[in-house]
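In: Build the 3D model from these lines:
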Amino acid sequence: MSKFVILTGGVVSSLGKGTTAGSLGRLLKNRGVKVTMQKFDPYLNVDPGTMSPYQHGEVFITDDGAETDLDIGHYERFLDINLGRANNITSGRIYSSVINKERMGKYVGATVQTIPHITTEVKDCMMALTGKDVDIVIVEIGGIVSDYESGIYFHAIRQLQSEVGEENVFLLHVDLLPYIGATGETKFETVQASIQKLNSYGITPDAIVCRTSKDAVMNSEVKSVIAKRCFLKGPECVIQNADTDTVYEIPITLQKEGLDDVILKKFGMSFPKADLNSWSFMVNNFKANNPEIRICIVGKYTKVADAYLSIEEAIHHACTYNQVKAKIDIIDAEDIEEVGAEKFLKGAKAILVPAGWGSRGFNGMLETIRYARENKIPYLGIGFGMQLAIVEFGRNVVGLQNANSTEIDPETEFPVIDVMKEQKKVLNNGVNTRLGAYNCVLDPSSKAAKLYGKELVSERHRHSYEFNSAYYDKFEQAGMLFAGMNPDSKLVEVIENKSHPYFVGVIFEPENKSRPNKPHPLFLGLINTAKSVR
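Out: Model prediction:
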């Protein structure tokens, strides 16, 4: 039967449970273990799709159209696999499912309670990923052990252990191990406190990953003390995960600490040692002292670090491949509205405008796109960034002075971006948002086709507005190449400016399919062109 590795967190959030889980998955996968991943988020939203990036960072889109937590992006990048709706579950979805079952009479008159009904739903979601093609399911529980809303998951873990056998469940606790520089001491009281809280739910971890600074002293003596005080089998079950130069170094760290050996030993599983040579080669390239180039992301969600996480990662992937290092500047479009593009964008080797919604920052992004077009700076527009590139081109090249998107101005004279009737043929239930994977046929003469190396591709979408095909001829005559089309709906997927060294807009979100050892073609093209900008 499939085994479970369940990650919990203690003391503070943002310790890197997601990157730890993804790194462990990569390490086990390289040993030949068949792995899948799952994240439980304790908030009551059914999914993060309606949440502002200021609340929870970016929304990561999967092939099946699920709007998921950003940790799903970590999992996909580390393991180079495609996940979906079953891999990200929220408390809102758990409660909604139970209430719907109650309304449908599924509980045949029983009093519906947190235990057993909610916890059973949690376990069912975990068990849904098991099967003959999965050796280990790695499950991350969001939040920390002292969060009120996380209690249902710890009760569910205890029940899961009882039902499938403790020998089939490995509990991995990720915790903060502070280092006091003034005294040179590594303090472990924080770990003790969170383990005591876990114990109160009737569960004890099999191993602890201690997040530390690079300076922290983590010798065998410290590990032995932590192991004894936290009821672990031995110091080998205390794993140091110190700060690294890149998150992609973590699988190497975990291998050196022997975490994979500890897990497989408990499960009685035998696999050869992981070969991380190619992964290490990639990591060394990430860390290499390559020449630096400045890449500007101009958006509207600039006050939270993870709003454009996948885009930043995709840039780093492409830069590493091109043997340069990215200096990424994230610029608020509203600042450009106030003082103009020149102050913020002068010296940029490439400019990117990402996806977004609403009118805030609209004019700043338009000015950014005009600056990139007129100064021949490599440009990549994603989602909203493509729509605004069309608006800017319509106004300043085609001559449609008041061209706009109906999202911004429903009464615009020239609605070059609109909700198109073609969408109703390809979307479910009349919903206008395109979510998930759609095919795109590329023009063989386009930069995009040359970069992809093929003419039929599939990319992930999350948007509601499209290029208005009524303006197709006017834009084409003015020098725009409609480089990619959806074969079913004939909606425009990719645009290119023929008179520009690299000016590409895509309605989909290509960053979601970039991998550290397989950079996305469109980001490769952007960075490769940026290298030659003087």
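In: What is the neighbour count of E493?
Out: Other residues within reach of E493, judged by other Cβ atoms under 10 Å, total 27. Every residue, glycine included, has its C-beta placed from N, CA and C.
In: Just to check, it is in contact with N486?
Out: Yes. Counting by Cβ atoms under 8 Å, E493 touches N486, with 5.7 Å between them.
In: joint contacts of these two?
Out: Residues touching both E493 and N486 (Cβ atoms under 8 Å, 6 or more residues apart in numbering): Y438, C440.
In: Geometric centre of the chain: which residue is closest?
Out: With distances taken as Cα atoms, centre = their mean, the residue of the chain nearest its centroid is G73 (2.8 Å).
In: contacting residues for that one?
Out: E58, F60, L309, S310, E313, N512.
In: D332 too?
Out: Counted by Cβ under 8 Å, 6+ apart, D332 has contacts V298, G299, K300, T302, K303, G361, G364.
In: ok, 7 Å please
Out: Counting by Cβ atoms under 7 Å, 6 or more residues apart in numbering, D332 touches T302.
In: Use 860 as the first number for this chain going forward.
Out: From this message on, residue numbering opens at 860, which makes the last subject D1191.
In: Is it bridged to anything, and to what?
Out: G1158 (DSSP bridges).
In: so how far is K1159 from it?
Out: Between D1191 and K1159 the computed distance is 7 Å (Cβ to Cβ, to the nearest Å).
In: Also N1222?
Out: Looking at N1222 against K1159, where the rule is Cβ to Cβ, the gap reads 11 Å.
In: These two: who's more crowded?
Out: The residue with more neighbours, out of N1222 and K1159, is K1159; 22 against 15, by other Cβ under 10 Å.
In: Count the neighbours of the residue nearest to S1053 when sequence neighbours are not counted for me.
Out: Spatial nearest neighbour of S1053, excluding adjacent residues (Cβ to Cβ, 6 or more residues apart in numbering): G869 at 2.7 Å. The number of residues packed near G869 is 25, by other Cβ under 10 Å.
In: before we move on, what about the one 4 residues further on?
Out: The local packing of S873 (other Cβ under 10 Å) involves 12 other residues.
In: List the contacts of it.
Out: Listed by Cβ under 7 Å, 6+ apart, S873 has no contact partners.
In: where in this structure is pLDDT low?
Out: In the predicted model of the chain, residues 1280-1290, 1393 satisfy pLDDT under 70.
In: what are the ranges of the strands in the stretch 1260-1393 of the chain?
Out: 1262-1264, 1273-1277, 1293-1301, 1315-1322, 1325-1326, 1339-1344, 1351-1356, 1362-1365 (DSSP state E, counting those that start in this stretch).
In: Single out the most deeply packed of these.
Out: Stretch with highest mean neighbour count among the strands of the stretch 1260-1393 of the chain: strand 1362-1365 (a mean of 28; mean count of other Cβ atoms under 10 Å).
In: Now do that strand: which elements does it pack against?
Out: Under the contact definition 3 or more Cβ pairs under 7 Å, 6 or more residues apart in numbering; DSSP states H and E, strand 1362-1365 sits against strand 1238-1241, helix 1243-1252, strand 1351-1356.
In: again, only this time at 10 Å
Out: helix 1221-1233, strand 1238-1241, helix 1243-1252, helix 1306-1311, strand 1339-1344, strand 1351-1356, helix 1380-1389 (3 or more Cβ pairs under 10 Å, 6 or more residues apart in numbering; DSSP states H and E).
In: and the second one, which strands flank it?
Out: It refers to strand 1238-1241. When DSSP bridges is applied, strand 1238-1241 pairs with strand 1209-1212 (parallel), strand 1362-1365 (parallel).
In: so which of the ones you listed gets nearest A1308?
Out: strand 1362-1365 (11.6 Å; Cβ to Cβ).
In: What is the distance between the closest one and the centre of its chain?
Out: The chain centre lies 22 Å from the centre of strand 1362-1365; the measure is Cα atoms, centre = their mean, to the nearest Å.
In: For the closest residue to E1335 other than its chain neighbours, list the residues it contacts.
Out: Excluding the flanking residues, the one nearest E1335 by Cβ to Cβ, 6+ apart is F1341, at 6.7 Å. By Cβ atoms under 10 Å, 6 or more residues apart in numbering, the contact set of F1341 is D1302, S1305, F1326, S1328, Y1331, F1334, E1335, V1351, E1352, V1353, I1354, E1355.
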